[in-house]
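S.K.: sequence first, then the predicted structure, then my questions.
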Amino acid sequence: MGLSRSKQKAPVAPATTLFLFGAHGDLVKRLLMPALYNLFRDGLVGENLHIVGVDHNTVSDADFAKKLEDFIRQEAANKVAQGGEEPLDPALWGSLAKRITYITGDFLDDGTYADIDAKIKNTGTQNAVFYLATAPRFFSEVTKRLGSSGLMVEGEDYFRRVVIEKPFGHDLPSAVALNSCLLKVMSEKQIYRIDHYLGKETVQNILVSRFSNGLFESFWNNHYIDHVQITAAETVGVETRGSFYETTGALRDMVPNHLFQLLAMVAMEPPAAFGADAVRGEKAKVVGAIRPWSEMEALANSVRGQYSESTIGDKSVPGYRQEDRVDPESNTETYVALKVMIDNWRWVGVPFYLRTGKRMSVRDTEIAICFKPAPYAQFRDTDVDRVEPNFLKIQIQPDEGMWFDLQAKKPGPTLDMQTIELGFAYKDFFEMQPSTGYETLIYDCLTGDQTLFQRADNIENGWRAVQPFIDAWAKDPHVEMYNAGEDGPSGADELLARDGRSWQRLG
Ligand code: BG6
């Protein structure tokens, strides 16, 4: 899978023992185990994958596997009831479940790592992946202990890898410190920093579209592109994650990671090869070329919003300040809009506008590339005095696909124009198996392909670009309110209006 291999040739992943730290957390039951099941269904992992949950609660192997099964079966059944996906196949699950075991252990206790070592010796394979699906405060603690207990030492014929979830740090200094802690006990080749956006087919397709269709390169620069809009709008609120979100906010939660990944895919130079080093090198370069704003510029080029109580349809929805485990006077942003500039030859002068928010009117993750308008409206003696600019819209989710807005003449005796769409919808061309987005990433980690994982410099460059916003906002805590169910505060419209532009309509 990944980007550097063709799927037809995807081999079964090698025998591995996969340790899931934080085994009782949401990520494991909602995403990782369903992804492992899907990989097993597709024959991409085999009988020699051993899955070991690690957490402090005491449960037996069988109870741990049963708890996962009950959850996944129920989720699959709910989806079937809504007309999608397949029910859990009991035979398939049964053979996967045979190799699920559990270690009760405190992440800070050396004894846990001795148990892990013993488990590896028992499974018959020395290959091991340690997946840190834990609270971020454990990332450095666990990796230190993996290092000191000798578990990260690789042999000629076996590997040891660590997968780290986001958030990777909460600002530039903490991300640098975490990288340096990891790199003291392992090499960059052993580290797989996850950004689940890179597991999305539509995100991977940006690179394939750009670099396999010669057409795109001819207009993919500041001569033809006026500006780029990157949007990740969600309808959900903070749900049960109030305490996490209070110290995180929309900027840290979405921008240096997911939105910058989308920006990098759109803006990077062609890599010399589709291998991990070349692709990640180009991505790090372009994120590193984002202009570091001064704090004053950061304030002028950003808007913070927070959703307030409202009624959506016939349902009343709490405001952020009324959510569980949220300070009733909180200034944490649930919406952010930013303008960033990329200082390189291809993009100089082309603003990238980014926005993301919770409790907006629709779920919509998209990139809209706005082209410069035709030099002038060459339709003398007609009513047409202005032509609309063309947009290329890359729809990441939902309704995955790509659409090109073009101007066309409306049939009839007068010259009237209308915007029409040339489109490609994934569902019209490809039959996609149900997936969580984590399948590719887990498979790539098991097979040693780091292309879709973040390298240390990529992460640090991302934080470097958002640090001025963090610093400026800390001195000037202020959020604009927007009603739950609406598309962000009015300041976000003003941010673009100042440049004579406007956001694309959502949905
Ligand atoms: C996560 C954020 O990384 O991404 C969440 O922590 C957010 O707050 C989620 O809801 C969005 O992911 P997706 O795949 O639904 O766009």
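M.R.: Okay, I see it.
S.K.: list the contacts for whichever residue of the chain sits closest to the ligand?
M.R.: Going by CB to the nearest ligand atom, the ligand is nearest to residue 253 of the chain, at 4.7 Å. Every residue, glycine included, has its C-beta placed from N, CA and C. Residues in contact with residue 253 (CB atoms under 8 Å, 6 or more residues apart in numbering) are 167, 245.
S.K.: tell me the contacts of residue 360?
M.R.: By CB under 8 Å, 6+ apart, the contact set of residue 360 is 233, 234, 235, 335, 485, 486, 487, 488, 506.
S.K.: who's in contact with the fourth one?
M.R.: Under the criterion of CB under 8 Å, 6+ apart, the contact list for residue 335 reads 250, 303-307, 355-358, 360, 482, 488-489, 492.
S.K.: quick revisit: out of the contacts of residue 360, who's the most crowded?
M.R.: Neighbour counts for the contacts of residue 360, by other CB atoms under 10 Å, peak at residue 335, which reaches 31 neighbours.
S.K.: ok, how many other residues are close to the nearest residue to residue 327 once chain neighbours are set aside?
M.R.: Ranked by CB to CB, 6 or more residues apart in numbering and with sequence neighbours excluded, the top spatial neighbour of residue 327 is residue 246, at 6.5 Å. The number of residues packed near residue 246 is 16, by other CB under 10 Å.
S.K.: for residue 246, give its distance to residue 321.
M.R.: Distance, residue 246 to residue 321, by CB to CB, to the nearest Å: 11 Å.
S.K.: hey, what's in contact with both of those two?
M.R.: Residues touching both residue 246 and residue 321 by CB under 8 Å, 6+ apart: 327, 330.
S.K.: give me the nearest residue to residue 29, chain neighbours excluded.
M.R.: Residue 29 sits nearest to residue 71 (CB to CB, 6+ apart), 4.6 Å away.
S.K.: low-confidence ranges, the chain, go.
M.R.: Scanning the chain for pLDDT under 70 picks out 1-9, 377-386, 434.
S.K.: host element of the residue nearest to residue 29?
M.R.: Element membership of residue 71, judged by DSSP states H and E, is helix 61-81.
S.K.: run the chain-centre distance for the next helix or strand after that helix.
M.R.: Going down the chain from helix 61-81, the next helix or strand is helix 90-97, by DSSP H and E. How far helix 90-97 lies from its chain's middle: 30 Å, per CA atoms, centre = their mean, to the nearest Å.
S.K.: and the helix or strand just after helix 90-97, what does it pack onto?
M.R.: Next along the chain after helix 90-97, taking DSSP H and E as the criterion, comes strand 100-104. For strand 100-104, the packing partners by 3 or more CB pairs under 8 Å, 6 or more residues apart in numbering; DSSP states H and E come out as strand 49-55, helix 61-81, helix 110-123.
S.K.: if I look at the residue most central in space within the chain, how far off is residue 454?
M.R.: For the chain, residue 197 is the residue whose C-alpha lies nearest the centre (CA atoms, centre = their mean; 2.7 Å). Residue 197 is 10 Å from residue 454, where distance means CB to CB.
S.K.: ok, now residue 174?
M.R.: Note on residue 174: its distance to residue 454, by CB to CB, is 15 Å.
S.K.: please say which of these two ends up with more neighbours.
M.R.: Neighbours were counted for residue 174 and for residue 454 using other CB under 10 Å; residue 454 has more, 28 against 15.
S.K.: for the closest residue to the more buried one other than its chain neighbours, give the beta-bridge partners.
M.R.: Nearest residue to residue 454, sequence neighbours excluded (CB to CB, 6+ apart): residue 193, at 4.1 Å. The bridge-partner assignment for residue 193, based on DSSP bridges, gives residue 164, residue 454.
S.K.: verify the contact between residue 193 and residue 167 for me.
M.R.: No - the criterion here is CB atoms under 8 Å, and residue 193 misses it with residue 167 at 10.7 Å.
S.K.: quick one: which of those two has more around it?
M.R.: More neighbours surround residue 193 than the other of residue 193 and residue 167, with 22 against 18 (other CB under 10 Å).
S.K.: now do the contacts for the more buried one.
M.R.: Contact partners of residue 193, counting by CB under 8 Å, 6+ apart, are 163, 164, 166, 168, 453, 454, 455, 456, 459.
S.K.: including distance to residue 345, could those go into JSON lines?
M.R.: Shown next, in JSON lines, are the contacts of residue 193 (distance: CB to CB, whole Å):
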{"residue": "163", "distance to residue 345": "36"}
{"residue": "164", "distance to residue 345": "34"}
{"residue": "166", "distance to residue 345": "31"}
{"residue": "168", "distance to residue 345": "30"}
{"residue": "453", "distance to residue 345": "28"}
{"residue": "454", "distance to residue 345": "25"}
{"residue": "455", "distance to residue 345": "23"}
{"residue": "456", "distance to residue 345": "26"}
{"residue": "459", "distance to residue 345": "25"}
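S.K.: ok, and of those, which contact the ligand?
M.R.: With the criterion set as CB under 6 Å from any ligand atom, the members of the contacts of residue 193 near the ligand are residue 166.
S.K.: highest neighbour count among the contacts of residue 193?
M.R.: Neighbour tally across those (other CB under 10 Å): the maximum, 28 neighbours, falls on residue 454.
S.K.: contact partners of stretch 146-161?
M.R.: With CB under 8 Å, 6+ apart as the test, stretch 146-161 has contacts from 110, 113-114, 116-117, 120, 125-130, 162, 184-186, 190-192, 445, 448.
S.K.: re the thing from before, which single one of the contacts of residue 360 is nearest to residue 79?
M.R.: Using CB to CB, residue 235 is the member of the contacts of residue 360 that lies nearest residue 79, at 17.9 Å.
S.K.: the strands in the stretch 251-400 of the chain, which residues?
M.R.: Assigned by DSSP state E, counting those that start in this stretch, the stretch 251-400 of the chain shows strands spanning 302-308, 310-312, 315-317, 335-341, 351-357, 364-371, 391-397.
S.K.: with distance to residue 209 added, can I get those strands in a markdown table?
M.R.: Formatted as a markdown table, these follow (distance: least, CB to CB, whole Å):
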| stretch | distance to residue 209 |
| --- | --- |
| strand 302-308 | 30 |
| strand 310-312 | 35 |
| strand 315-317 | 37 |
| strand 335-341 | 23 |
| strand 351-357 | 18 |
| strand 364-371 | 11 |
| strand 391-397 | 8 |
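S.K.: closest to residue 421 out of the ones you listed?
M.R.: Checking these against residue 421 by CB to CB gives strand 391-397 as the closest, at 8.3 Å.
S.K.: quick one: strands adjacent to that closest one?
M.R.: Next to strand 391-397 in the sheet, as set by DSSP bridges, lie strand 364-371 (antiparallel), strand 401-409 (antiparallel).
S.K.: quick one: residues in contact with the helix or strand that contains residue 424.
M.R.: Secondary structure assignment for residue 424, by DSSP H and E: strand 417-425. The contact list for strand 417-425 (CB under 8 Å, 6+ apart) reads 384, 387-388, 399-410.
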